[in-house]
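A.B. asks: no FASTA, just this:
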Ligand code: GAP
């Protein structure tokens with residue numbers, strides 16, 4: 001039987017490995033379930049996604065500040081937050097194939113012995129569902145005893161609640177204001193999968209926005225729109241995105257309303273980011289649990305209240321995967337096909353490719369001079385003098401480099417270079433001394449390509 005053609009997901013996964021975005025972790029030892037390492041281009045992509053998030057959520061606003069809290073906190077934190085008691089998935093084991101499934105995702109699961117069937121439809125012997133806590137446990141100190149159990153944080157949010165007073169007082173803030181944090185979180189997921197969509201170790205970009213209770217609705221509306229728009233502004237096709245309001249039965253124990261920004265992945269619609277009304281649940285719980293009053297006192301109105309919280313919470317790895325999938329395109333050109341990642345220049349791992357047309361006549365030296373200037377101006381660059389020029393363009397298209405500069409005969413005689421645009425493949429002659437300014441201008445005026 002003929003092999004089915006690779007799916008979009010297969011193509012993205014294979015490109016990630018081939019070009020050094022994402023590798024399987026511990027690969028030479030056979031890997032470790034759904035854990036990944038980021039290679040040179042993946043690191044750059046992720047760093048730029050985080051920078052774009054930070055710039056939009058923190059740097060460009062006067063009412064939001066940053067935080068970097070510890071991964072391991074006092075274990076009481078997780079008791080009080082409800083994670084020790086309630087952060088669990090219902091699990092079902094199959095006694096025949098020894099596979100474990102999430103009871104609430106059984107419909108989407110496959111029997112490993114017969115992938116055309118769901119668990120329970122083949123020779124399966126399924127157990128009753130039982131609760132499985134998703135937090136990773138560890139021990140503090142040399143002895144593993146129940147008294148020194150600690151947890152790896154399953155969300156960055158709690159570190160923000162713990163520092164509510166510290167930050168508000170030291171930064172002299174009053175509601176409405178926000179505290180943002182990007183960092184690793186850990187969940188012992190039962191059914192990780194779909195590449196880096198769901199893993200056990202992942203990065204979150206979260207922001208807790210503390211508001212007077214009466215302003216809750218207004219800010220919920222604001223952050224739903226703002227977070228959706230961020231993805232559109234960075235080039236994600238709007239028709240692949242939707243905002244989905246949670247049903248009452250789906251809401252987390254701390255939330256009165258939540259909307260997910262969802263993307264249509266090759267495996268179906270999935271959550272990219274959640275925007276939740278967390279009310280005063282966490283600050284009140286930690287006030288009670290710790291004995292420290294986590295409230296705001298307004299010196300003007302003499303009013304004392306526990307702020308409500310609106311929380312946009314996204315996964316950085318999931319964002320990266322979404323940008324990769326959305327950017328992936330295959331195009332039929334006159335003489336060949338090209339694979340291109342149409343990343344927005346703000347998140348493209350490499351911004352400029354620098355090529356001498358040939359490896360002689362002083363061109364490599366001029367190209368190295370330009371590369372140095374671009375790097376000192378803050379651009380990420382890739383210098384390439386191997387293979388024919390067309391092939392070098394293709395290699396940069398495949399990793400989403402928006403601009404390639406070629407040093408040619410005219411550079412030496414007339415002081416110009418050729419700048420080739422990834423999307424239109426148009427070529428412009430630009431003065432050698434004006435390359436940085438030209439590229440800056442192109443990035444500033446970048447228009448997301450029309451879809452269809
Ligand atoms: N503080 C709220 C919170 O953690 P969540 O919906 O559980 O909410 C927020 O997580 C985001 O973190 C998700 O929308 C998703 O992008 C990302 N995320 C959650 N679990 C993940 C996992 N196992 N692997 C990758 N990303 C994950």
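C.D. replies: It's in. This structure is a prediction, so every number in the text was calculated from the model and none was measured. Residues are numbered from 1 along each chain as shown.
A.B. asks: tell me the contacts of residue 448?
C.D. replies: 232, 235, 344 (Cβ atoms under 8 Å, 6 or more residues apart in numbering). Heads up, the C-betas are built off the backbone N, CA and C, glycines and all.
A.B. asks: just the strands in the stretch 201-350 of the chain please.
C.D. replies: For the stretch 201-350 of the chain, applying DSSP state E, counting those that start in this stretch gives strands covering 201-211, 241-245, 257-265, 268-279, 296-298, 303-305, 308-315, 328-332, 337-341.
A.B. asks: could you dump those strands to a markdown table with distance to residue 35, mean pLDDT and mean neighbour count?
C.D. replies: Below are the strands of the stretch 201-350 of the chain laid out as a markdown table (distance: least, Cβ to Cβ, whole Å; pLDDT from 0 to 100; neighbours: other Cβ atoms under 10 Å):
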| stretch | distance to residue 35 | mean pLDDT | mean neighbour count |
| --- | --- | --- | --- |
| strand 201-211 | 6 | 98 | 23 |
| strand 241-245 | 28 | 98 | 14 |
| strand 257-265 | 20 | 98 | 20 |
| strand 268-279 | 20 | 97 | 20 |
| strand 296-298 | 41 | 96 | 14 |
| strand 303-305 | 43 | 97 | 12 |
| strand 308-315 | 15 | 98 | 25 |
| strand 328-332 | 23 | 96 | 12 |
| strand 337-341 | 24 | 96 | 17 |
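A.B. asks: the ligand: which of the ones you listed is closest?
C.D. replies: strand 308-315 (2.6 Å; Cβ to the nearest ligand atom).
A.B. asks: contacts for that closest one next, please.
C.D. replies: 53, 57, 155, 157, 202-213, 215-216, 219-220, 223, 226-227, 261, 272-283.
A.B. asks: now do stretch 147-166
C.D. replies: Contacts for stretch 147-166 (Cβ under 8 Å, 6+ apart): 67, 69-73, 75, 77-78, 81, 83-84, 87, 134-141, 179, 181-183, 185-187, 204, 206, 208, 210, 282-283, 286, 292, 294, 311, 313.
A.B. asks: what do you get if the cut-off is 6 Å, keeping everything else the same?
C.D. replies: By Cβ atoms under 6 Å, 6 or more residues apart in numbering, the list of residues contacting stretch 147-166 from outside reads 67, 69, 71-72, 75, 77-78, 81, 135-141, 179, 181, 183, 185-187, 204, 206, 208, 282, 286, 294.
A.B. asks: just the ones of the residues you listed in helices?
C.D. replies: Counted as lying in helices by DSSP state H, out of the contacts of stretch 147-166, are 77-78, 282, 286.
A.B. asks: looking at the protein, which helix or strand is least sure?
C.D. replies: Least confident helix or strand, the chain: strand 100-102 with a mean of 79, by mean pLDDT, DSSP states H and E.
A.B. asks: pLDDT on the helix or strand just after it, on average?
C.D. replies: Where DSSP states H and E defines the elements, the next helix or strand beyond strand 100-102 is strand 130-133. The pLDDT scores in strand 130-133 average 84.
A.B. asks: same for strand 130-133, what does it pack against?
C.D. replies: The contact analysis (3 or more Cβ pairs under 6 Å, 6 or more residues apart in numbering; DSSP states H and E) places strand 130-133 against strand 88-93.
A.B. asks: neighbouring strands for the strand it packs on, and are they parallel or not?
C.D. replies: strand 100-102 (antiparallel), strand 130-133 (antiparallel) (DSSP bridges).
A.B. asks: other residues contacting that strand?
C.D. replies: By Cβ under 6 Å, 6+ apart, strand 88-93 touches 100-103, 126-127, 129-133, 190.
A.B. asks: so how far is residue 332 from the closest residue to residue 400 other than its chain neighbours?
C.D. replies: In this structure, residue 400 finds its nearest non-sequential neighbour in residue 341, 3.3 Å apart by Cβ to Cβ, 6 or more residues apart in numbering. In this view, residue 341 and residue 332 are 17 Å apart by Cβ to Cβ, to the nearest Å.
A.B. asks: just residue 214 next, same as before
C.D. replies: Residue 214 is 57 Å from residue 332, by Cβ to Cβ.
A.B. asks: start and end of stretch 335-349, how far apart?
C.D. replies: Distance between the two ends of stretch 335-349: 28 Å, counting by Cα to Cα, to the nearest Å.
A.B. asks: and it, how far out from the chain middle?
C.D. replies: Its chain's C-alpha centre and that of stretch 335-349 lie 19 Å apart, by Cα atoms, centre = their mean, to the nearest Å.
A.B. asks: angle of the helix ranked longest in the chain against strand 308-315?
C.D. replies: The helix spanning the most residues in the chain, taking DSSP H as the definition, is helix 216-233. Relative orientation of helix 216-233 versus strand 308-315 (axes from the mean of the first three to the mean of the last three Cα atoms, to 10 degrees): 20 degrees.
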